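Participant: Coordinates for the following, if possible.
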Amino acid sequence: MLDDLDLFYGRVTDELAKVYVRHRNLAGGGEFSIRGRIHGPYCEIARTIASSVPLRDAGPGETLLAQADVPEPCTWSPELPAHYEVEIELMRGGECVVRDLRRLGIRRFGPRGKSLYLNTRRYVLRGIHAMAVDSTAANGSGTDDELASDLEGWRRSGAAIVIDNPSDALCDAASRQGVLIVARIDAKRAEAQLRRLSRWASVAIVVIDGVIDAQVKSEGTIWHAAAPNVVLAQSLAPGRQIPPTPWAQLALCEFHGVGGIGEPLGDPSLPIVACRSLAGRHTLQAARAACDSLQRVLSAAGLFAGYIV
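Facilitator: Residues are numbered from 1 along each chain as shown. Presented below is the predicted three-dimensional model:
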C-alpha cells in the first residue's frame, strides 16, 4: 500500500502551501482514512524554526485524500534546500495499517511564457551532462556515487546535473544539499519512474525520451498525475518538423551551429532549452564554462529558458 500513496503539493503562495496525501486505489469516505502531521522546515546548511501542522482526511471522494495547510512555507531552492518531514498513517477503522515517513521539498518551479521561474524569480537553467564530467579530474564526478560525493562543487558552480535514471541516493543527497537534477527517462517506463523521481525536491525537470507516437501522446494525463510537481520536457531534434506533444511543458533542442536553432520548431509556445554535446570529458569547471559559452553564442538568437552541455 505504500507504493500507492502519493505526496504532493498544490497552490503555493508566500502565505500558504496546500499539501496533499492521496491513495490512488482507495475511495474517500469509506472504511479507510489518512492522517498524519507535517513537521518543518529543516535545512542542513541553514538554521530554521520548525513547527507542526496536521494532515486531515478530506472525506468522501473518488480517491482517498488528506490535506494540510502549511503556513508561510519555506520553499526549496539551491540557496536554501529546505524540506519538511511528513508522517503518514493509513487508517482502517481506528487501526493504523500502514505508516510512513517522507521528506517533502516545496518548490515554486515551472514555465511562464518562454522562461522558467523558481520561487517567483526567472531561472535560467545551466545544465551539465554527468557523463561529460571526468570523474578522475579535480572536482569532477561521473557515477551516481561520485556525483553524490562532490555535490558541493556542483552547488558552487550553479549547475544542474543532467543524468539518465538517477538513483534515489543521488536524488536524496542533491535534495538535501541544494543541487537541481534534470532526469532523463524512457517513455516505456515513464509512469513508474515519474512516481519515484517526484519524491525528491532536487528533481525539478524530467525529460521523457523515446518514440513519440500516438500512445505516448495519450500518456500525458497519466504522467502529470504521477508527478504533478515536476516539469515534463521533450527533446526535439533540429531539422525535423516535430511539434511538441500536448504533455510537454519544456522543449530541449540540440544545437549544432551558430544560427537557426528556432527554425525547426516554428514558434512553439514552450520555453526552449538549448543543448550542445561536448566532445570528450572535462572538469566540472570547464564544462560549466562551456555552458556559459553556449549562452554567449546564442545571445542574439532569442530568449532561451536554459542551456545544457
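Participant: what residue lies at the spatial centre of the chain?
Facilitator: A204 (1.8 Å; CA atoms, centre = their mean).
Participant: Make sure it is actually in contact with A233.
Facilitator: No: the criterion here is CB atoms under 8 Å, and A204 misses it with A233 at 10.2 Å. All C-beta spots, glycine's among them, are computed from the backbone N, C-alpha and C.
Participant: anything in contact with each of those two?
Facilitator: V182 (CB atoms under 8 Å, 6 or more residues apart in numbering).
Participant: D172 falls within a strand, correct?
Facilitator: No: using DSSP: H, G, I helix; E, B strand; the rest coil, the secondary structure at D172 is helix, not a strand.
Participant: so what's it up against?
Facilitator: 103, 200.
Participant: again, but for the one 10 residues further on
Facilitator: Taking CB under 8 Å, 6+ apart as the definition of contact, the neighbours of V182 are 125, 127, 160-163, 204-207, 233, 308.
Participant: Enumerate the beta-bridge partners assigned to it.
Facilitator: V162, I205 (DSSP bridges).
Participant: From L55, how far out is it?
Facilitator: 31 Å (CB to CB, to the nearest Å).
Participant: Need the residues that contact stretch 224-236.
Facilitator: By CB under 8 Å, 6+ apart, stretch 224-236 touches 8-10, 107, 109-111, 116, 182, 190-191, 194-195, 197-198, 203-209, 212, 220, 223, 242, 244-245, 247-254, 264-265, 273, 275.
Participant: how long is it from one end to the other?
Facilitator: For stretch 224-236, the separation between the terminal residues is 20 Å (CA to CA, to the nearest Å).
Participant: What are the buried residues along it?
Facilitator: 226-227, 229-236 (16 or more other CB atoms under 10 Å).
Participant: okay if I get the residues you listed as a markdown table plus secondary structure?
Facilitator: Shown next, in a markdown table, are these (three-state DSSP):
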| residue | secondary structure |
| --- | --- |
| A226 | helix |
| A227 | coil |
| N229 | coil |
| V230 | coil |
| V231 | strand |
| L232 | strand |
| A233 | strand |
| Q234 | strand |
| S235 | strand |
| L236 | strand |
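Participant: Which members of those residues are the farthest-apart pair?
Facilitator: Longest distance between any two of those is 23.7 Å, between N229 and L236; criterion CB to CB.
Participant: picking up where we left off before, nearest to S149, of the contacts of V182?
Facilitator: Looking across the contacts of V182 and measuring by CB to CB, the closest to S149 is I161, at 12.9 Å.
Participant: Can you name the residues that contact that closest one?
Facilitator: 127-128, 130, 147, 154, 170, 174, 179-182.
Participant: Could you check how far it is from R126?
Facilitator: I161 is 11 Å from R126, by CB to CB.
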